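>>> What follows is a predicted structure for the sequence shown.
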Amino acid sequence: MLFQEKLRASASALLLLSVSVAPALAASVDTKSRESISTLTANHGLSEAAQQYLMHYPSRSGVDGHSPRTDSAAVFIPRGKTPEGGWPVVVWAHGTVGVANQCAPSLNERTARDKQYLNTWLSLGYAIVAPDYAGLGSDGVHHYLNARGEAWSILDGVRSALKQFPLKNELILVGQSQGAHAAFSSAGFQPQYAPELNIRSTVLTGTPYFAANTTAADILPPAQAGNANAGDPKIPYIFYIYLAAADADPSLKPSDYFQDGALPLLEQAKNLCITPLTEKTMQAGLNAGNTLKPAIESLLSAGINTMLYPTMHIQHPVFIGIGSVDINVPTAMQTRFSDAVKAAGTQTEVHVYEGLDHSGTVNPSLRDSVPFIIRGDKATKS
């Protein structure tokens, strides 16, 4: 019973596994890797963009630390005359979509929430570079919340976009949920991996946080009584965690970690994106009690190191938006994150949005994050 209480909600989007993080190395990507630009499919675009493109670019795997690869990103150019020196850039790091190639945001229509959010930045005169992350829209399995894997792919995408489009090397990293983890990881790895990039600030909402001593039990919310047969929408995240772990270690056996009733949907998770996978999970009534085996806790705990940020001290200002009723990334965890960032000496501005949840915080946060950016630009130029 204790196991079930600790793990009933263990599919939290906060606990995501990949392979081990090694120290970042200065980038030296394979320039012979394929690099191409095409027009982005119209219904995958944004209404405020004058032009929108799908870009493939050379990168290096942050998962294994050395393999050359080709990743993808969408690039959106604002309406109007290109300013002298090029458009300033919002680098958009997206939230959870899945682990399969076809789940890449550049290959799909964006959600209404993200359209509203990104169109706002375009209307303010920012171009948007939106990397898909390694394994999404590109070869291989996406290693969910692997800090270095996310960061290297994002930073290489920005490098390529600056060469290919009329963009200015004035960058804002912006991310939500998994994307907040990716954006903050990118900010931490940038000084060593891509020192030529000029990141002015980072804007985060719904940010996961892990410390070196974090265990699965530490971050799992308590089980709720009376939900033994109810589906848990966080179970898909455990499936994605396992698939990344199994990609790193093919000797893993799914039956060691999952009960028989969950195995068919685990197999489908290899190709299902987050929305249909969640729907099937809820229809099947899968939850920790009828899905997971005790060994899952050791698997999850072993993956914590892959999610650690390289540093909490960032060399530019950081905006942190927190929903007061966030369940996906619990508000308490986000508060610990903001406290750790401030304690590390990072210039930090924190806003808590009362009554708003994980997704609901995104667009309302603009009322504070946009002035935060404007103040930072004025301070930089004064």
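Sure, I can see it.
>>> all contacts plus neighbour counts: C-alpha atoms, from now on.
Noted.
>>> Tell me where the stretch 101-250 of the chain is predicted with low confidence.
214-228 (pLDDT under 70).
>>> can you give me the helices in it?
According to DSSP state H, counting those that start in this stretch, the stretch 101-250 of the chain carries its helices in the segments 112-123, 147-164, 178-193, 216-219, 235-248.
>>> Can you give me the buried ones in the second one?
Using 16 or more other C-alpha atoms under 10 Å as the burial criterion, the residues of helix 147-164 that qualify are 147-162.
>>> For the stretch 251-382 of the chain, give me the ranges with low pLDDT.
Applying pLDDT under 70 to the stretch 251-382 of the chain picks out residues 381-382.
>>> Quick one: the strands in it, in order.
Taking DSSP state E, counting those that start in this stretch, the strands of the stretch 251-382 of the chain run over residues 318-323, 348-353.
>>> and the last one, what other elements does it pack with?
With contacts defined as 3 or more C-alpha pairs under 8 Å, 6 or more residues apart in numbering; DSSP states H and E, the secondary structure elements packing on strand 348-353 are strand 318-323, helix 331-343.
>>> give me that answer again for 7 Å
strand 318-323 (3 or more C-alpha pairs under 7 Å, 6 or more residues apart in numbering; DSSP states H and E).
>>> would you turn the strands of the stretch 251-382 of the chain into a markdown table with distance to Pro310 and mean neighbour count?
Formatted as a markdown table, the strands of the stretch 251-382 of the chain follow (distance: least, C-alpha to C-alpha, whole Å; neighbours: other C-alpha atoms under 10 Å):
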| stretch | distance to Pro310 | mean neighbour count |
| --- | --- | --- |
| strand 318-323 | 15 | 26 |
| strand 348-353 | 17 | 17 |
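>>> Phe337: which of those is closest?
strand 318-323 (9.2 Å; C-alpha to C-alpha).
>>> Report all helices and strands that the closest one contacts.
strand 199-205, helix 331-343, strand 348-353.
>>> right, so the ones you listed: which one is the most enclosed?
Most buried of the helices and strands packed on strand 318-323, by mean neighbour count (mean count of other C-alpha atoms under 10 Å): strand 199-205, with a mean of 25.
>>> now the angle from that strand to helix 178-193?
Taking axes from the mean of the first three to the mean of the last three C-alpha atoms, to 10 degrees, strand 199-205 and helix 178-193 form an angle of 160 degrees between their directions.
>>> circling back: what's the closest of the helices of the stretch 101-250 of the chain to Pro68?
helix 147-164 (10.9 Å).
>>> contacting residues for the nearest residue to Tyr57 once chain neighbours are set aside?
Closest residue to Tyr57 apart from its sequence neighbours, by C-alpha to C-alpha, 6 or more residues apart in numbering: Glu35 at 4.5 Å. Residues counted as contacts of Glu35 (C-alpha atoms under 7 Å, 6 or more residues apart in numbering) are His56, Tyr57, Pro58.
>>> How about Gly80, nearest residue that isn't a chain neighbour?
That would be Ala50: by C-alpha to C-alpha, 6+ apart, it lies 7.8 Å from Gly80.
>>> Check the spacing between the one you found and Lys168 real quick.
17 Å (C-alpha to C-alpha, to the nearest Å).
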